[in-house]
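J.: fold the following for me, if possible:
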Amino acid sequence: GRGALDRADLIVDGLVGIGATGALREPYGELVREANAARGPVVAVDVPSGVDASTGRVQGAAVRARVTVTMGAYKTGLLVDPGAACAGSVELVDIGLGSYLPDPDVAALTDGDVDDLMPRPGKESDKYRRGVLGIAAGSDLYTGAAVLAVGGALRAGAGMVRYAGPAAPVAQVRAHWPEAVITQLERPSIDDVGRVQAWVLGPGLGTDDWAHELAARVLETQVPVVIDADALTLVARERSLLFRSAPVLITPHAGELARLIRADRDDIEAARLEHARRAAGELGVTVLLKGSTTVIAEESRPVRVNSTGTSWLATGGTGDVLSGVAGALLAQGLSCYDAGACAAYLHGLAGRLAADGAPLAAADVATAIPTAIRAVTADTV
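T.: The predicted model follows:
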């Protein structure tokens, strides 16, 4: 009873197994609420009771564990919010199931995975072989987004960044990043920008007719495109813009994805995996859904769940940095699936390093990207 839970030095939660779905029935729900209110730490067995092990959904009361000890393999619900937030620190115990487990439908990258995927310049590399990225971003109203996207791209190793935008953001980008090659646009055309191997489209672009025309021109190209921010609003209005032969990586938050797939934002937050998969299939693109758990979905591939985020990243402009990092990796030859996953991982790690337990600004995240890359490639030459 209640008294026993209050007196306990440690509470072990094994109320329901990993096959349980839906809200806990009483009296289990009341027991969970009492355990959460007790002073002793809770250790969950396999998955916290009330968390759907296969999706991370929480539909009623759920145990908030200090530690979850899970057997055999990580459960999806321990990696994806809101379930991940209930799991605390997760410890995996190998019980010899490895050869019996099916292929996963969800994966989380490690430092070693990102290290293996990261492009590295060879002896014969020059700035063109290192990857040329075009960035179409910024407007007279929004100048900072362009600065942050260019900064993220340069810090993530693009050989060259070609920035295209109107006069006001051009002045800001020129002041912050003399390394960028700049084309000041007098009309919404990319004819004078030069060749690129990938584009980032949308941060601070605005959503007027000028922005729409520029977005259409970029999406007519035959190179991969990262679509972010205002460009997501533009393609939500006219989804046919997404119908192209070259790859597309979209980087929405839940509200932007809701507009794109005509869904409810709260439903997306409650079932991130399901909606990211649905969007990837419906739109024919790679989806990087930002949020408390960032997920990367592509049709017929396991959804990748990012493990490096920090709540300090929930501040204006950090998404612009992420787009720049993803674009730089695309320009260096990574697929949308790998570029999105590696960018999310490095961006989250850079956020942690920059915050170090205190608030950060988006520019701090861009500055920390090389440190994050160094951290995941530390054991290699």
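
J.: just for the stretch 101-250 of the chain, where's the confidence low?
T.: 123-126 (pLDDT under 70).

J.: ok, now with 80
T.: Within the stretch 101-250 of the chain, the set of residues satisfying pLDDT under 80 comprises 121-129.

J.: where do the helices sit along it?
T.: Assigned helices in the stretch 101-250 of the chain, in chain order: 111-117, 144-155, 167-176, 209-219, 230-237 (criterion: DSSP state H, counting those that start in this stretch).

J.: contact partners of the last one?
T.: Helix 230-237 has contacts (CB atoms under 8 Å, 6 or more residues apart in numbering) with 201-207, 211-212, 215, 227, 241-242, 250-252, 256, 259-260. To be clear about C-beta, it is placed using only N, CA and C from the backbone, and glycine gets the same treatment.

J.: try it again at 6 Å.
T.: The set of residues external to helix 230-237 that reach it, using CB atoms under 6 Å, 6 or more residues apart in numbering, is 201-202, 205-207, 212, 215, 241-242, 252, 256, 259-260.

J.: ok so, going back, S323: which of the helices of the stretch 101-250 of the chain is closest?
T.: helix 144-155 (5.3 Å; CB to CB).

J.: related to what we said a few turns ago, please identify the most buried of the helices of the stretch 101-250 of the chain.
T.: Greatest average neighbour count among the helices of the stretch 101-250 of the chain goes to helix 144-155 (a mean of 29), per mean count of other CB atoms under 10 Å.

J.: in PDB, list the C-alpha atoms belonging to that one.
T.: Extracted C-alpha coordinates of helix 144-155, given in PDB (Å, rounded to 0.1, in the frame of the first residue of the first chain):
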ATOM      1  CA  GLY A 144      19.900  36.300 -38.900                       C
ATOM      2  CA  ALA A 145      18.700  32.900 -40.200                       C
ATOM      3  CA  ALA A 146      21.000  33.200 -43.300                       C
ATOM      4  CA  VAL A 147      24.000  34.000 -41.000                       C
ATOM      5  CA  LEU A 148      23.300  30.900 -38.900                       C
ATOM      6  CA  ALA A 149      22.700  28.500 -41.800                       C
ATOM      7  CA  VAL A 150      25.900  29.600 -43.500                       C
ATOM      8  CA  GLY A 151      27.800  29.300 -40.200                       C
ATOM      9  CA  GLY A 152      26.500  25.800 -39.600                       C
ATOM     10  CA  ALA A 153      27.500  24.800 -43.200                       C
ATOM     11  CA  LEU A 154      31.000  26.200 -42.900                       C
ATOM     12  CA  ARG A 155      31.600  24.700 -39.500                       C
END
